[in-house]
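Enquirer: Here is the input, now give the coordinates:
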Amino acid sequence: MQRLYDFIRRHPTGVDGFWAVFLLGLSGMTIVAGGVGRGSGERFAVVPVVIGLSVVVALRRRAPEKMLLLAIAMGVVQLVFGVRPTTANFAMLVITFTVATVGERWASRLALTCSLCAAGLSQLRWPNEEPGSWAQKGFIVVVMTVPFVLAWVLGDSMRTRRAYFDQLEERNARLEREREAQSKVAVAAERARIARELHDVVAHNVSVMVVQADGAAYVMDAAPDQARQALETISSTGRQALAEMRRLLGVLRTGDVRESGEYVPQPDVEQIEDLVDQVRQSGLAVDFKIEGTPRPLPSGVELTAYRIVQEALTNTRKHGGPNAGASVRLVYFDDGLGLLVEDDGRGAAHELYEDGGADGAGHGMIGMRERVGMVGGTLDAGPRPGGGFRISALLPLKPAD
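Expert: A predicted model of the protein is given here:
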């Protein structure tokens, strides 16, 4: 049975052609038996009418609107030439159902109108010779009209159901496209976050290692103890950089969740003091103060604050010049955290912190602005009056709407 259903679905026109031939054969048998064609006009028109209605059944799904008009034309010919209803008139019931299911709206309404009028016109054109009241004749008209109305209602119901399923499929396809778009956006955001983290880790720790290595090479012969201390700083800084990079790379490994402590947690506000101490060991004088009452902050705010201070101090070492000093202020407000990082050095070139640099430099400042924007904060960076550079940020406790 399943193979039969599949064949019918694959060859709808062939199936309709089979039923058209079957209907033509039954109608031909009726004509040969003498059931119709008694008058001269009826004998002249009955064969074209039967053939036309058979064509309606054969092509009903390929051209439903045209076949409806053909069926109406055949009905008009029957009324004009007096061709009594035959087995072929079953095609009108079929085309009514088909148009209500897959046809245009105007064709569906036209089919319903013709279905409501067909029985009454037939009763007027070929009145019942047996005597009867108007009530009986009206009842006959209603009985003859009901099958056409039911066919139209069934077809319209199937149209509504198909439209509903099409709408569901379209909605599912749209949701799938939106899900893919959201996934791409999430992947891009995660890549940008990892890129910012890698930049902060590499730019800060490697710059510290370079400064310490240069200092160690400079005092290697004159002050071995200072050189040894610089090498220890390089070693500890390298370990810290490796630990943070392992944490970032661990995010990229699917199904590689470890609880052995190999991946260190993300930095927070409490580690800013350790960061300042590390920078001081590299030779940069930093004044660090906390104002207000420290309290727990959202993890995103704490990570953003740490990275801002880290990037600001890194820029001071890179662009501040010799004998530069810096100051770091953390201010706890009722609704957020304020950061102020200043230095008295010569500052970076304007294009580095404003446009990102023609050579690709300046990504640290761009990443800083992106971080602040992600938590709904504000950032102000630029030269300080009297020389040096200033970075001021306000990080709210709750992201902006």
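Enquirer: Name the residues that touch stretch 330-344?
Expert: By C-beta atoms under 8 Å, 6 or more residues apart in numbering, the list of residues contacting stretch 330-344 from outside reads 269, 272, 289-295, 297, 301, 305, 308-309, 312-313, 316, 320, 324-329, 377, 384, 387-398. Where you see a C-beta, it was placed from the backbone N, CA and C, and this is true even at glycine.
Enquirer: Just the buried residues of that stretch, please?
Expert: By 16 or more other C-beta atoms under 10 Å, the buried positions in stretch 330-344 come out as Leu330, Gly336, Leu337, Gly338, Leu339, Leu340, Val341, Glu342, Asp343, Asp344.
Enquirer: and what of stretch 71-83?
Expert: Going by neighbour count (16+ other C-beta under 10 Å), the buried part of stretch 71-83 is Ala71, Ile72, Met74, Gly75, Val77, Gln78, Phe81, Gly82, Val83.
Enquirer: Quickly find the element holding the last one.
Expert: Think Val83. Using DSSP states H and E, Val83 falls within no helix or strand.
Enquirer: can you pull the contacts of it?
Expert: Neighbouring residues of Val83 by C-beta under 8 Å, 6+ apart: Val36, Glu42, Ala45, Val46, Val49, Val77.
Enquirer: so what does the helix or strand hosting the fourth one touch, helix or strand wise?
Expert: Taking DSSP H and E as the definition, one finds Val46 inside helix 40-58. In terms of contacts (3 or more C-beta pairs under 8 Å, 6 or more residues apart in numbering; DSSP states H and E), helix 40-58 is packed against helix 12-33, helix 64-81, helix 90-102.
Enquirer: Give me whichever of those is most buried.
Expert: helix 90-102 (a mean of 23; mean count of other C-beta atoms under 10 Å).
Enquirer: what angle separates that one from helix 64-81?
Expert: Orientation check (axes from the mean of the first three to the mean of the last three C-alpha atoms, to 10 degrees): helix 90-102 against helix 64-81 gives 150 degrees.
Enquirer: Show the average pLDDT along the next helix or strand after helix 90-102.
Expert: Note on helix 90-102: by DSSP H and E, the next helix or strand toward the C-terminus is helix 105-125. Helix 105-125 carries an average pLDDT of 89.
Enquirer: ok, what's across the strand from the closest residue to Asp380 other than its chain neighbours?
Expert: Counting by C-beta to C-beta, 6 or more residues apart in numbering, the nearest residue to Asp380 once its immediate chain neighbours are dropped is Ser392, at 4.5 Å. The partner list for Ser392 in beta bridges (DSSP bridges) reads Leu340, Asp380.
Enquirer: burial measure for Ser392, as a count.
Expert: Neighbour count of Ser392, defined by other C-beta atoms under 10 Å: 16.
Enquirer: what about the protein, any weak spots by pLDDT?
Expert: Applying pLDDT under 70 to the chain flags residues 1, 34-41, 128-133, 190, 194, 199-204, 247-265, 347-364, 398-401.
Enquirer: quick one, helices of it?
Expert: Taking DSSP state H as the test, the helices found in the chain are 2-10, 12-33, 40-58, 64-81, 90-102, 105-125, 134-219, 224-252, 272-281, 299-319, 350-354, 363-374.
Enquirer: Just the C-alphas of the second one, formatted as PDB.
Expert: What follows is the C-alpha trace of helix 12-33 in PDB, where atoms were taken according to Å, rounded to 0.1, in the frame of the first residue of the first chain:
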ATOM      1  CA  PRO A  12      -0.800  13.000  -9.900                       C
ATOM      2  CA  THR A  13      -1.600  13.900 -13.500                       C
ATOM      3  CA  GLY A  14      -1.400  10.200 -14.600                       C
ATOM      4  CA  VAL A  15      -3.800   9.300 -11.800                       C
ATOM      5  CA  ASP A  16      -6.200  12.100 -12.800                       C
ATOM      6  CA  GLY A  17      -5.900  10.900 -16.400                       C
ATOM      7  CA  PHE A  18      -6.900   7.400 -15.400                       C
ATOM      8  CA  TRP A  19     -10.000   8.600 -13.600                       C
ATOM      9  CA  ALA A  20     -10.900  10.900 -16.600                       C
ATOM     10  CA  VAL A  21     -10.800   7.900 -18.900                       C
ATOM     11  CA  PHE A  22     -12.900   5.900 -16.500                       C
ATOM     12  CA  LEU A  23     -15.400   8.700 -16.300                       C
ATOM     13  CA  LEU A  24     -15.500   9.100 -20.100                       C
ATOM     14  CA  GLY A  25     -16.100   5.300 -20.400                       C
ATOM     15  CA  LEU A  26     -19.000   5.400 -18.000                       C
ATOM     16  CA  SER A  27     -20.500   8.400 -19.700                       C
ATOM     17  CA  GLY A  28     -20.100   6.800 -23.100                       C
ATOM     18  CA  MET A  29     -21.900   3.700 -21.800                       C
ATOM     19  CA  THR A  30     -24.800   5.900 -20.600                       C
ATOM     20  CA  ILE A  31     -25.000   7.600 -24.000                       C
ATOM     21  CA  VAL A  32     -25.000   4.300 -25.900                       C
ATOM     22  CA  ALA A  33     -27.600   3.000 -23.600                       C
END
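Enquirer: Give me the contacts around that helix.
Expert: Helix 12-33 is contacted from outside by 8, 36-37, 46-47, 50-51, 53-55, 57-62, 86-88, 90-91, using C-beta under 8 Å, 6+ apart.
Enquirer: Next: the fourth one.
Expert: Around helix 64-81, the neighbours that count as contacts under C-beta under 8 Å, 6+ apart are 41-42, 44-45, 48-49, 52-53, 55-56, 59-60, 83-85, 89, 91-92, 95, 98-99, 102-104, 107, 110-111, 114, 118, 121, 125.
Enquirer: let's go with 7 Å and repeat that
Expert: Outside helix 64-81, the residues that touch it by C-beta atoms under 7 Å, 6 or more residues apart in numbering are 41-42, 44-45, 49, 52-53, 55-56, 59-60, 83, 91-92, 95, 98-99, 102-104, 107, 110-111, 114, 118, 121, 125.
Enquirer: I'd like to check the angle between that helix and helix 40-58, please.
Expert: Using the same axes, to 10 degrees, helix 64-81 lies at 170 degrees relative to helix 40-58.
Enquirer: same deal with the second one?
Expert: For helix 12-33 against helix 40-58, the angle by the same axes, to 10 degrees is 160 degrees.
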